[in-house]
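[1] Sequence first, then the predicted structure, then my questions.
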Amino acid sequence: METGGSAASHTAATLTLPPTARLLSCRVLDTVHQPVRQAKFEVTDPIGRRVVSGETDPYGGFNAAVPEGEYRLSVTAEGYAPFHGATLVGDPAQHGTAEIVLDAVEPPRLPAPGHWEIDPTHSSIAFTARHIGFARIHGRFTTFAGGVRIAERMEDSSMRVIIDAGSIDTGLRMRDDHLRSADFLDAARHPTVEFYSERFIHRGGSRWAVAGALTLHGVSRSVTLDTQYMGTGTGLQGEPRAVCRATTALNREDFALNWQSVLAQGVAAIGASVEVELDVQIVHKA
């Protein structure tokens with residue numbers, strides 16, 4: 001690992017570092033020495049505080065200027081086993097650019113073709129929204145149903161989820177009543193939230209994009225779920241199960257959820273962005 005002040009690498013020779021800084025330089029490769037681009041790295045100090053983080057460049061490399069000392073380095077990439085190790089930045093015995101080799105891992109086996117239903121007792125649909133600029137409101141929908149049709153070719157599969165809008169739960173009854181009202185979900189006129197997809201796009205390893213249409217508050221918009229497929233298993237009754245996690249971000253104003261209250265300081269009471277997270281178990285139906 002290059003520690004700065006040396007002509008051991010072209011990168012170090014072209015960087016100007018502060019007098020107390022040293023250069024942590026690494027290149028992430030696979031087992032056939034091809035660069036792993038967009039691998040995520042994180043450098044922490046000995047007690048776990050993050051110092052710097054980011055992604056590798058198209059050549060699998062990253063450079064970070066850090067004070068001399070001992071650090072922990074973690075590298076993760078889709079389709080590879082994670083790397084965790086220690087490094088001493090500033091050690092005269094270490095020169096040049098360190099190489100980190102990641103071992104490929106087999107993606108989990110895909111579920112068998114056929115009809116699968118969401119198991120609501122082992123699944124959750126949650127959301128997070130900003131409150132007064134910095135606090136977070138966490139909530140969930142307690143009543144929902146849906147299914148996935150797994151095709152012979154996974155990319156041709158489809159998915160549908162129907163959510164009871166009135167089942168919103170943020171842990172505060174007064175707030176939940178307001179969210180059900182015409183100011184927000186207007187659950188009396190729009191009792192369900194629906195998502196339908198016929199596009200499963202493989203992004204590599206266990207990552208998939210599930211693109212479809214979300215109908216909320218009577219308005220339909222294109223939405224893509226960033227999905228991590230966790231694999232298959234067997235339930236207590238011997239039934240085949242599969243598990244995935246998915247996230248997306250919505251702008252509530254895109255769905256005509258425009259109610260807003262601005263505080264005296266000019267800060268919005270509720271932010272426009274809503275983060276949605278799904279943990280889903282599906283059960284195969286014969």
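    Ah, there it is. Numbering: from 1, shown residues only.

[2] From residue 63, how far out is residue 99?
    14 Å (C-beta to C-beta, to the nearest Å). Just so you know, the C-beta spots here come from the backbone N, C-alpha and C atoms, and that holds for glycine as well.

[3] and if you look at residue 185?
    Residue 185 is 48 Å from residue 63, by C-beta to C-beta.

[4] do the same with residue 118
    Distance from residue 118 to residue 63, by C-beta to C-beta: 45 Å.

[5] Which one's more surrounded, these two?
    residue 118 (22 against 18; other C-beta atoms under 10 Å).

[6] Name whatever forms a beta bridge with that one.
    With DSSP bridges applied, residue 118 shows beta-bridge pairing to residue 282.

[7] Return the residues in contact with it.
    144, 145, 146, 147, 148, 161, 280, 281, 282 (C-beta atoms under 8 Å, 6 or more residues apart in numbering).

[8] could you dump the residues you listed to CSV with distance to residue 242?
    Compiled in CSV, those are given as follows (distance: C-beta to C-beta, whole Å):
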residue, distance to residue 242
144, 17
145, 17
146, 14
147, 12
148, 8
161, 15
280, 9
281, 7
282, 5
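
[9] Now a PyMOL select for only the buried ones of these.
    In PyMOL syntax, the buried subset of the contacts of residue 118 is picked out as below (16 or more other C-beta atoms under 10 Å):
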select buried, resi 144+146+147+148+161+280+281+282
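
[10] what are the ranges of the helices in this protein?
    10-14, 173-180 (DSSP state H).

[11] Out of these, which gets the lowest mean score?
    Looking at the helices of the chain, the lowest mean pLDDT belongs to helix 10-14 (a mean of 48).

[12] Need the overlap of contacts for residue 99 and residue 63.
    What both residue 99 and residue 63 touch, as defined by C-beta under 8 Å, 6+ apart, is the set residue 26.

[13] So for residue 119, what's the nearest residue that isn't a sequence neighbour?
    In space, and not counting its chain neighbours, residue 119 is closest to residue 281: 4.6 Å by C-beta to C-beta, 6 or more residues apart in numbering.

[14] what's the neighbour count on the nearest residue to residue 50 once chain neighbours are set aside?
    Leaving out its chain neighbours, the residue that sits closest to residue 50 by C-beta to C-beta, 6+ apart is residue 44, at 5.4 Å. When neighbours are counted by other C-beta under 10 Å, residue 44 registers 15.

[15] my guess is residue 44 meets residue 71, correct?
    Yes. Assessed by C-beta atoms under 8 Å, residue 44 is found in contact with residue 71 at 6.7 Å.

[16] residues contacting residue 43?
    Residue 43 touches 24, 50, 51, 52, 53, 64, 66, 71, 72, 73, counting by C-beta under 8 Å, 6+ apart.

[17] Same question for residue 275.
    Residue 275 neighbours (C-beta under 8 Å, 6+ apart): 127, 128, 129, 247, 248, 249.

[18] Repeat the analysis, applying 7 Å as the threshold.
    Residues counted as contacts of residue 275 (C-beta atoms under 7 Å, 6 or more residues apart in numbering) are 127, 128, 247, 249.

[19] what do you get for residue 145?
    118, 120, 162.

[20] same thing but 8 Å
    117, 118, 120, 161, 162.
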